[in-house]
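**Student:** Sequence first, then the predicted structure, then my questions.
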Amino acid sequence: MSSVLSGRELAAEIRAETAARAAAVTARLIIEVNLKGITDPVLAEELGDAAAAADPVAERADAIVAAVRAEVAR
């Protein structure tokens, strides 16, 4: 992250990362809810793997938001 970000850049980063996190978590929940109705074990495993991929996205978004907050606190 750059050492000097404008207020607009900080706001844009926060919006983008918050949206990415929300999308990842929402996708994971939708998949998890629908997994109960999947009877094909191979498909269920593939979808479970896809749902698990949301965790790193959410973690990355959290890290970026934390970095932006740290930048603002400087």
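**Tutor:** Okay, I see it. Numbering: from 1, shown residues only.
**Student:** and the next element down the chain from the helix or strand where residue 43 lies?
**Tutor:** Using DSSP states H and E, residue 43 falls within helix 41-52. Per DSSP H and E, helix 41-52 leads on to helix 54-73 as the next helix or strand towards the C-terminus.
**Student:** Report the buried residues of that following helix.
**Tutor:** By neighbour count on 16 or more other CB atoms under 10 Å, the buried set for helix 54-73 is 54, 57-58, 61, 64-65, 68, 71. Every C-beta, even on glycine, is put in place using the N, C-alpha and C of the backbone.
**Student:** same check, this time on stretch 17-25
**Tutor:** Using 16+ other CB under 10 Å as the test for burial, stretch 17-25 gives 17, 20-21, 24.
**Student:** and stretch 30-43, average pLDDT?
**Tutor:** In this model, stretch 30-43 has an average pLDDT of 94.
**Student:** Can you name the residues in contact with that stretch?
**Tutor:** 44, 47-48, 50-51 (CB atoms under 8 Å, 6 or more residues apart in numbering).
**Student:** do that again at 10 Å, thanks
**Tutor:** 44-54 (CB atoms under 10 Å, 6 or more residues apart in numbering).
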